[in-house]
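Colleague: Compute the structure for the input listed below.
(chains A and B)
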Amino acid sequence: MYPFEGLFSLLVLSLVLETQALTPTHHLTTTDVARLQAVLSQPFTDLKSAYYSVVGLSKLGIFVADADETCRFINSNLDPSSVESLFYAAEASQALSGCEIPVSNDTRDLLLATVSEDSTASQIHQSVSALSALGLPLASQEVVSALKARISKEDNVLAIILALQTASRLSQQAELGEILEEIEDLAARLDDLGGVYLQFEEGLEATALFVSAAYSLSDHVDMEPPLKEDQVIQLVNSIFSKKSWDSLSEAFSVASAAASLSNNRFHVPVIVSAQGPAAVSHSHPFLQLQVTDVLCQPLSSASVLVESASAVASKSAILNQAPFTLRDGVFELNFMASQPASGYYQFSVAITGDSRFVANHVELKVKVSTRVAINNMDLSVVDKDQSIGPKTTRVEYPTKAKASFMADSHQNFAMTFQLVDETTGVELTPHQTFVRLHNQKTGQEVVFVAEPDSKNLYKFELDTAERKTEFDSISGTYALYLMVGDATLENPILWNVADVVLKFLDEEAPGTIQAKTLYVPKPEIQHLFREPEKKPPTVVSNAFTALVLSPFLLLLILWFKLGANISNFTLSPSTILFHIGHAAMLGLMYVYWTHLNMFQTLKYLAIIGSLTFLAGNRMLAQKAVKRSAHIVFSFNLKCFFFLLLGSILYR
Amino acid sequence: MSNSVISVISRFLEEYASSTPNKLKVIDAYLLYIMMTGALQFLYCLLVGTFPFNSFLSGFISCVGSFILAVCLRIQINPQNKGEFLSISPERAFADFLFAHTVLHLVVINFIG
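Modeller: Model prediction:
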């Protein structure tokens, strides 16, 4: 019970997933391929660039023009003591026909000695490739063990890619199983960007080199690489999204990736693109598709089939299992033969013929255009009270009505017409059917929409009195135009049908029409500064200041009456110092209010305060309690100072 | 009724005049002065408005603070309270009074604007 359900849901899921299979969003067009060739054909300056150019072009199937000249260049730039130099020379000479590199025993020994655990993966790759290109024997098992050791030591992506590439040069009897597993591990390291791209964070070059290495190794051991179809398409998107390449090595990597994707035993991504716009009409009845591999080479063994084609609007199926015919490298189908109505159609196209094809189900949106014809254009002026019968004038497209029509506030102007497909006669309802009235004198234009009724008959009625605001009540001769347009119409129409003379009742006679003044300078805004607060008159403030100071007089009088005095004022230094210090503190308060900030004040206060404290301490210790009264007096005198300040400032 | 109030008040004033030491009376006179200054400031605010509100506040708080500190000084100096302030001599009380005033005036000047 449960396994069956599980299987069923898996089947449903796979069906769903299949219908949502990815198709490449980026691919190389013929101009891009030509650009790639041009980049690789640049004259080379050293052995490395010669290698990239020669081998890159050979991957694209192009052979260098002057092979002898290139061979001489390679031989003259070869440094037999450098493994890298030998690698470039050997690979390049193998791509050229009839180019030999002289090999000495020392060279061979050098290359063989490089195959060890102590060399880097890059060095091993270069020496093994050079050995195999030069046709020298090598011990595959030793290479395998050296590679395995290097992979575990240098765990970076590029080293593993080079190991894969090296393994594809070894004998098939060697144990390449572990190295083959690295493909899957590397594929897991790819970053999925939005479900569209799959690439290494090391960049485009690493991704492209990975693809070519993985497929060359898989072809060598004849085992399908563990890459799913969607992953292959995402790799295609990543590698071929960049259409101009920064360096020769980047161009080379893209060329080798393209070569391996167009010609390997397992996965061949298919690129389907419509030739020109995907649109058919009676004049162009054939839908033409280009079906190529990633290098824009047409697929010879492919057969293209429309699995289903249905109208987008009505979802009714038009075609089912219709084959395309191949003509001049382009697949075409006569869609108009099925007599589709104009509109958009969703095509589901399948490319078969080779089990290696990847992304061979494509969804296309095809437009069917048609030409429109206007039938039964009838113009009439109808009286509002229907007392006089309408006079209908028929006008044929593209002529203009001979007489002009007069309509004033008692009459309506009416227009009816039909829009049909020119060839089939089916009624059409295009997106845009406008009626434009253009006043030739003032340049004013008013546009209305003509609406179809249930029988697809278009009607337009102009009620002069009702619409006078649109016209600004300007009477005069208006040229009437009919505008018909749609994306699926091949012949949009602008037709001056007639002239209409409109008479409005209360003409305001504005004279000339003011064009909408959007872009003239606007009136200047004057900034309103903040109004100062209303203050009381100075007299009041002054009076109150005097009033607030008056209690001090009272205090002096009271103190005099009580007999408070400074008779016991002793002139000891600590006393003087105390009083001076205290006065200084109070003076500092005033200076704080006028000049200083809190930090400066605190600094000065600390200095003066400590002096005053010490002096005061001495003084108070010396004094008896009964003489402390005068201290109070002296202090309060200074205290008064602040209350004075407070009142003044408050004003 | 009013008779008793008047008699209470006059009795109080008599007692005050006779039994209060002179230095306390000096402080009391100071207290009266402070109170009147504060009241007049408040009256001004009520009549004319609170325009520089910070200035009003700082002036008023200065009066209130000074009043409170003077009251504290009076309490601490009063020989009748000597029992409660054994550790605080009148000199000490006065020094506290001065220090507190310094802090008060620092704040008042800061706020007066």
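Colleague: how about low-confidence regions in chain B?
Modeller: B:1 (pLDDT under 70).
Colleague: same thing but 80
Modeller: For chain B, applying pLDDT under 80 flags the ranges B:1-2, B:49-51, B:81-82, B:85-91, B:113.
Colleague: So in it, which helix runs the longest?
Modeller: In chain B, with assignment by DSSP state H, the single longest helix is helix B:22-48.
Colleague: quick one: the residue sitting nearest the centre point of chain B from chain A, how far?
Modeller: The centroid of chain B falls nearest to B:Phe67 when counting by CA atoms, centre = their mean (2.6 Å). Separation of B:Phe67 from chain A (CB to the nearest CB, to the nearest Å): 11 Å. In this view, the C-beta of every residue, glycine as well, is placed from N, C-alpha and C.
Colleague: Spell out the secondary structure type for B:Ile75.
Modeller: Assigned by DSSP: H, G, I helix; E, B strand; the rest coil, the conformation of B:Ile75 is helix.
Colleague: and the gap between the residue lying closest to it once chain neighbours are set aside and B:Gly65?
Modeller: Using CB to CB, 6 or more residues apart in numbering or on different chains and skipping residues adjacent in sequence, the residue nearest B:Ile75 is B:Asn81, 6.0 Å away. Computed as CB to CB, to the nearest Å, the B:Asn81 to B:Gly65 distance reads 22 Å.
Colleague: the more surrounded of these two?
Modeller: Neighbours were counted for B:Asn81 and for B:Gly65 using other CB atoms under 10 Å in any protein chain shown; B:Gly65 has more, 19 against 12.
Colleague: what number of residues lie near A:Leu158?
Modeller: Using other CB under 10 Å, A:Leu158 has 16 neighbouring residues.
Colleague: so which strand or helix has it?
Modeller: Using DSSP states H and E, A:Leu158 maps to helix A:157-167.
Colleague: Identify the residues contacting that helix?
Modeller: With contacts defined as CB atoms under 8 Å, 6 or more residues apart in numbering or on different chains, helix A:157-167 is touched by A:120-122, A:124-125, A:128-129, A:143-144, A:147, A:150-151, A:174, A:176, A:179-180, A:182-183, A:185-186, A:189, A:200, A:202, A:206, A:209-210, A:212-214, A:216-217, A:220.
Colleague: what does stretch A:102-122 give?
Modeller: Residues contacting stretch A:102-122 (CB under 8 Å, 6+ apart): A:75, A:80-81, A:83, A:86, A:123-124, A:126-128, A:130-131, A:134, A:136, A:138-139, A:142-143, A:145-147, A:149-151, A:154, A:158-160, A:162-163, A:166.
Colleague: Kindly give a single ChimeraX line that selects the buried subset of these.
Modeller: This is how ChimeraX selects the buried members of those, with burial counted by 16 or more other CB atoms under 10 Å in any protein chain shown:
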select /A:83,86,123,124,126,127,128,130,131,134,138,143,145,146,147,150,151,158,159,160,162,163,166
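Colleague: Quick one: residues contacting A:Ile351.
Modeller: Contacts for A:Ile351 (CB under 8 Å, 6+ apart) come out as A:Val270, A:Val272, A:Val291, A:Leu299, A:Ala302, A:Ser303, A:Val304, A:Leu305, A:Phe357, A:Asn360, A:His361, A:Val362.
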